[in-house]
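>>> Give me coordinates for this.
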Amino acid sequence: MIIVIQIEPWLCLLYTVVTMYEGISEVEWAQFATWVDSDGCISIGKSEPRPSARQKTAQYQAKIQVANTDLRIMQWLKERFRGEVGSQRPASGNCKARFYWQSYADDLVPLLKGILPYLLLKKQQALCVIAFRTEALWKRGGNKQTPPPELARREVLYQTIKSLNKRGPREND
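Predicted coordinates:
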C-alpha cells in the first residue's frame, strides 16, 4: 500500500507500508488508528543510566500502546498487527481488569506509517516516533557509548513527545 500524506501545503510524504502488513485493508488501518487516537498512546520512554548494568547514558525506547477493558480488541490488534497483549489487575475491587496491546522496536515504523493518514489526534506523536526510529545519527554497535549528538537528538524527541502527551489543556487549545 502506498500512502501520501500532506503535512503542509508545500510538503507531502510518500510512504510504502512494509510487506508484513500487506494484507491489511484500509478499513482495518483506519480502525487501528481510531483505537490509537481514542484508547492509545504513542510515546518515547526514558530510563536513567544504571551503573549496576554498566549503562553510562540514558536509554530511550519508543512504543505504541492501546488499552481497554475488553480483551477482544487486544486480540483483534494482535491478529492483524502482531505485538504483545497483556493485562493489569484492577486497582480496587470495583474496577474491571485492564488489557493492553503494545508494539515497539522494528514494528513501530511500518505500523505508524500505516495509520498515519487516519490519525486525527496523535499524528504529531506518530511523526515524532517515526523520526526517532528512522533518523538516527548513530546505530548501536559493539561496546561503544552513544555519542552526544545522538543523545541530544533523542532527548529533543523525548521532550517533544512528552509535551504532546501532557495531560490537561494545552496552551493553544
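>>> only C-alpha atoms for contact and neighbour calcs from this point on.
Noted.
>>> Can you list the low-confidence ranges for the protein?
Applying pLDDT under 70 to the chain flags the ranges 1-19, 53, 139-144, 170-173.
>>> In it, spot the strand with the most residues.
Criterion DSSP state E: the longest strand present in the chain is strand 59-68.
>>> which helices and strands does that strand pack with?
Using 3 or more C-alpha pairs under 8 Å, 6 or more residues apart in numbering; DSSP states H and E, the elements in contact with strand 59-68 are helix 26-39, strand 40-47, helix 71-81, strand 98-104, helix 108-115, helix 123-134.
>>> Let's see that with 6 Å instead.
helix 26-39, strand 40-47, strand 98-104 (3 or more C-alpha pairs under 6 Å, 6 or more residues apart in numbering; DSSP states H and E).
>>> contact partners of it?
The contact list for strand 59-68 (C-alpha atoms under 6 Å, 6 or more residues apart in numbering) reads 36, 39-47, 98-104.
>>> from these, which would you call buried?
Neighbour counting by 16 or more other C-alpha atoms under 10 Å classes 36, 40-44, 98-104 among the contacts of strand 59-68 as buried.
>>> In CSV: those residues, plus distance to Val27.
Output for the buried ones among the contacts of strand 59-68, formatted as CSV (distance: C-alpha to C-alpha, whole Å):
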residue, distance to Val27
Val36, 14
Gly40, 18
Cys41, 20
Ile42, 21
Ser43, 24
Ile44, 27
Arg98, 26
Phe99, 23
Tyr100, 22
Trp101, 19
Gln102, 20
Ser103, 20
Tyr104, 23
